[in-house]
Every structure is written in C-alpha cells, then in structure tokens.
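Undergrad: Structural data only, the sequence is not supplied:
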C-alpha cells in the first residue's frame, strides 16, 4: 500500500470518527480519546485539500446517517 493511500485511509478514519461522535452526542454524552492513532489520523486529515475534505466529510456523514437510520 502506498503512503498516499495509507494517509487517505487515516484521513477518512478521522472524519468518520468525528461524524460518529457528532451523531452519538445528539443522543448522549460522548468524547473522542486522543491517542497516537488519533494523532496520525488527524495529521493525515490536515494534509487534504479543501475539496478532498468536503468529499470525505460528505461520505462519512452519509455512512453514519445510514447506520443510524437502520437502528431506528
């Protein structure tokens, strides 16, 4: 796996985690634990362009919305 692909995966993990935390926080209190894996994902997120961040965010929110819709 290339380092670019690895960083894209970490960046996607970062926004998925934040999207999930936002959805859970609407129901109950939650928090994200900041550890070395989180920092690696955050660093990868910070390398993305604005357009890439928008695309990843849209994808993550759609995924989380689908998960929560299935639970309702």
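TA: Great, that's in hand. Computed from a predicted model, the values in this text were never measured in an experiment.

Undergrad: From here on, just use CA atoms for contacts and neighbour counts.
TA: Will do.

Undergrad: for the host helix or strand of residue 39, which positions count as buried?
TA: When elements are assigned from DSSP states H and E, residue 39 belongs to helix 36-45. Within helix 36-45, the residues that count as buried by 16 or more other Cα atoms under 10 Å are 38, 41-42, 44-45.

Undergrad: do the same with stretch 20-33
TA: So for stretch 20-33, counting by 16+ other Cα under 10 Å, buried means 20-23.

Undergrad: Give me the mean pLDDT for it.
TA: Mean per-residue pLDDT for stretch 20-33: 94.

Undergrad: where does that stretch sit relative to the chain's centre, distance-wise?
TA: 13 Å (Cα atoms, centre = their mean, to the nearest Å).

Undergrad: I figured residue 24 was touching residue 18, is that so?
TA: No - applying Cα atoms under 8 Å as the test, residue 24 and residue 18 come out as separate, 9.8 Å apart.

Undergrad: can you list the residues that contact stretch 64-71?
TA: 16, 19-20, 23 (Cα atoms under 8 Å, 6 or more residues apart in numbering).

Undergrad: what's the angle between the helix or strand harbouring residue 59 and helix 36-45?
TA: Using DSSP H and E, residue 59 sits within helix 50-71. Orientation of helix 50-71 against helix 36-45 (axes from the mean of the first three to the mean of the last three Cα atoms, to 10 degrees) gives an angle of 130 degrees.

Undergrad: Next one, pLDDT for residue 1 please.
TA: You'll see residue 1 listed with a pLDDT of 65.

Undergrad: quick one on the thing from earlier: as TSV, the buried residues of stretch 20-33 with secondary structure and distance to residue 52 would be great.
TA: Below are the buried residues of stretch 20-33 laid out as TSV (DSSP: H, G, I helix; E, B strand; the rest coil; distance: Cα to Cα, whole Å):
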residue	secondary structure	distance to residue 52
20	helix	19
21	helix	21
22	helix	20
23	helix	22
